[in-house]
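Enquirer: just to be clear, the model below is a prediction. Sequence and coordinates:
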Amino acid sequence: MKLGNITLRLHEQRERLAPDLLLRKKYIEASYHSQLRIEKAMIESHIGRLPFAARRVFLAGRLAKLNAKLEK
């Protein structure tokens, strides 16, 4: 009897939570994209403070890594 009550309650909760799951998915996606923007800005500010030669070497290395990933 107890197991039946738990199962019924879970099915009722699932019906109520379905719209909330879509909102949660949108929230998680928005948070992820926000995190990417913040990290990108942080990296750009760090690169901006480097001397020109170091910035050039860093960006060339990064480009080489990205190209290597694309080839795989």
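Expert: Perfect, thanks for sending it. None of the values given here were measured: they were computed from a predicted structure. Numbering: from 1, shown residues only.
Enquirer: the closest residue to Leu50 other than its chain neighbours: neighbouring residues, count only.
Expert: Among residues not flanking Leu50 along the chain, Phe58 sits closest, at 6.6 Å (C-beta to C-beta, 6 or more residues apart in numbering). Heads up, the C-betas are built off the backbone N, CA and C, glycines and all. The number of residues packed near Phe58 is 14, by other C-beta atoms under 10 Å.
Enquirer: gap between Phe58 and Ala68?
Expert: In this view, Phe58 and Ala68 are 16 Å apart by C-beta to C-beta, to the nearest Å.
Enquirer: do the same with Arg37
Expert: Using C-beta to C-beta, Arg37 is found at 25 Å from Ala68.
Enquirer: show the subsequent helix or strand relative to the longest helix along the chain.
Expert: Longest helix in the chain, counting residues (DSSP state H): helix 2-49. Later in the chain than helix 2-49, the nearest helix or strand by DSSP states H and E is helix 52-71.
Enquirer: who are the packing partners of that next one?
Expert: Packed against helix 52-71, as judged by 3 or more C-beta pairs under 8 Å, 6 or more residues apart in numbering; DSSP states H and E, are the following elements: helix 2-49.
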